[in-house]
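Q: Pasted the sequence and its predicted model underneath.
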Amino acid sequence: MRIEISARGIWAELEPSVGHMPRLVIGGADVLHAAPWRDAPEVQADRAIPPVDRRLGGTFLTAPFGMDDVTGGPPHGAPANTRWVTKRQTAQSLHWRLAQSVNGARIDGHIWVRDDEPAIYQRHVISGGAGATTLAHHPMIHMAEGGFVRCAPKRATLTEPSRLEPGAQYWGSGQRITGWMIDGPSGPVDLRDYPHDTPCEDFLTMVEQAQSGLGWTAVHRHAENDTILCLKLCEELPVTMLWVSNGGRAYTPWNGRHRGVLGVEDGCTAGGAGFAAALRDNRVSDEGVPSALPLGGQRVIRHAILRLNGARPIAQVALARGLHITYEDGGTHEVPFDVEAFA
């Protein structure tokens with residue numbers, strides 16, 4: 001079963017069996033990446049592959065993020081592997097609820113679109129529970145011929161101390177930098193450039209400089225000549241993780257065919273270190289931000305994904321009457337946007 005929501009200029013497809021949004025079309029262009037094996041019978045029949053990988057598509061919520069080495073659950077947790085139940089649906093909105101709790105917490109997802117606004121809005125409400133969890137959004141952006149990234153200022157960028165995956169590396173391991181130039185296997189690279197012609201698999205974590213307010217990441221796509229913009233609030237999701245996946249995984253079901261993908265994963269977690277590491281002192285918490293969300297009471301997590309025409313480098317994004325974009329060349333652009341989504 002699939003669920004669709006749409007408004008003038010935007011359409012999304014959602015898959016409640018695993019909570020994924022495999023397709024998002026804004027202004028007539030596909031925004032997100034879905035794995036090429038989603039319709040392969042041999043992959044779907046292989047129960048050794050977790051549902052999050054069998055049905056890998058578009059974007060989804062993770063809790064905990066990555067490896068669950070605390071409760072032994074599947075990678076990325078129940079929100080990305082199990083059923084969501086529809087509570088209310090209209091043509092332009094969906095309220096669904098995760099059928100399974102996370103550490104006793106209930107998770108409700110509210111997703112909506114509006115006419116002539118090039119954005120899909122998400123708000124997750126986490127109620128009750130005990131202890132803590134890590135959490136992240138997991139949008140995967142398709143880039144046919146690469147592109148480049150711009151984002152809000154960062155306190156630090158951290159690469160993993162050891163390889164998370166076999167395969168060709170793009171960024172060097174164990175680094176902490178405060179700018180944009182980072183060591184790669186063949187010399188310095190700008191971490192904001194996407195390596196479309198280099199087979200690789202890599203991951204890094206960027207810690208927000210701001211303690212609160214709007215956080216943003218802009219992915220400028222060459223072939224598509226557009227910009228995909230991910231928005232969050234820094235006090236809710238203090239890190240953004242970049243996942244480069246360009247043919248670097250050789251094992252099933254990836255088999256070197258997962259290409260042209262950049263994950264922009266906004267979260268509260270310890271990067272790729274796993275759930276257990278996030279609950280104790282770690283490299284992210286050492287930067288002065290939380291790496292896990294305390295449960296109990298009610299927490300609200302806000303997120304939005306937009307598509308803008310043109311791959312014009314962005315310098316700043318701010319909420320005003322809509323969304324106010326300032327470009328590196330000094331130009332500005334006002335984008336229709338539901339500012340109440342971030343209130």
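A: Nice, I can see it.
Q: Report the contact partners of Pro36.
A: 257-258 (CB atoms under 8 Å, 6 or more residues apart in numbering). (C-beta placed from N, C-alpha, C; glycine too.)
Q: mind redoing it with 7 Å?
A: Shown in contact with Pro36 (CB atoms under 7 Å, 6 or more residues apart in numbering): Arg257.
Q: same question, His142
A: 30, 32-33, 260-261 are the contacts of His142 under CB under 7 Å, 6+ apart.
Q: What is the burial count for Pro253?
A: A count of nearby residues for Pro253, using other CB atoms under 10 Å, gives 20.
Q: Other residues contacting the longest strand belonging to the chain?
A: When the chain is parsed with DSSP state E, its longest strand is strand 298-309. Taking CB under 7 Å, 6+ apart as the criterion, the residues outside strand 298-309 that touch it are 24, 26-27, 29, 31, 118-127, 135, 137, 139, 226-233, 236-237, 266, 293, 335, 341-342.
Q: at 6 Å instead, please
A: 26-27, 31, 118-127, 137, 139, 226-233, 236, 342 (CB atoms under 6 Å, 6 or more residues apart in numbering).
Q: List only buried entries from those.
A: 26, 31, 118-127, 137, 139, 226-233, 236, 342 (16 or more other CB atoms under 10 Å).
Q: Go through those and flag which are in helices.
A: Per DSSP state H, helices hold no members of the buried ones among the contacts of strand 298-309.
Q: Give me the subset of the residues you listed that lies in strands.
A: 26, 119-127, 137, 226-233.
Q: re earlier: can you select the buried ones from the contacts of His142 in ChimeraX?
A: In ChimeraX syntax, the buried subset of the contacts of His142 is picked out as below (16+ other CB under 10 Å):
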select :30,32,33,260,261
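Q: His196: which of the contacts of His142 is nearest?
A: Gly260 (6.4 Å; CB to CB).
Q: quick one: that closest one and Met143 touch, right?
A: Yes. Under the criterion of CB atoms under 6 Å, Gly260 makes contact with Met143 at 5.0 Å.
Q: List the buried residues for the longest strand of the chain?
A: Those buried within strand 298-309 under the rule 16+ other CB under 10 Å are 299, 301-308.
Q: Over to stretch 93-113?
A: 94-98, 102-103, 105, 107-113.
Q: what's the answer for stretch 41-61, then?
A: 43, 49-61.
Q: if I look at Thr198, how far off is Met206?
A: 21 Å (CB to CB, to the nearest Å).
Q: And these two? Which one has more around it.
A: More neighbours surround Met206 than the other of Thr198 and Met206, with 25 against 17 (other CB under 10 Å).
Q: bridging residues for the more buried one?
A: For Met206, the beta-bridge partners are Thr157, Thr240 (DSSP bridges).
Q: Verify the contact between it and Ala156 for me.
A: No. Between Met206 and Ala156 there is no contact under CB under 6 Å: 7.6 Å.
Q: which regions of the chain sit below the pLDDT cut-off?
A: 163-167 (pLDDT under 70).
Q: Going by residue numbers, what spans are helices in it?
A: 41-44, 51-54, 275-278.
Q: Okay, the closest residue to Glu4 other than its chain neighbours and Ala7: tell me how far apart.
A: Leaving aside its chain neighbours, Glu4 sits nearest to Glu13 (5.5 Å; criterion: CB to CB, 6 or more residues apart in numbering). Relative to Ala7, Glu13 is positioned 14 Å away (CB to CB).
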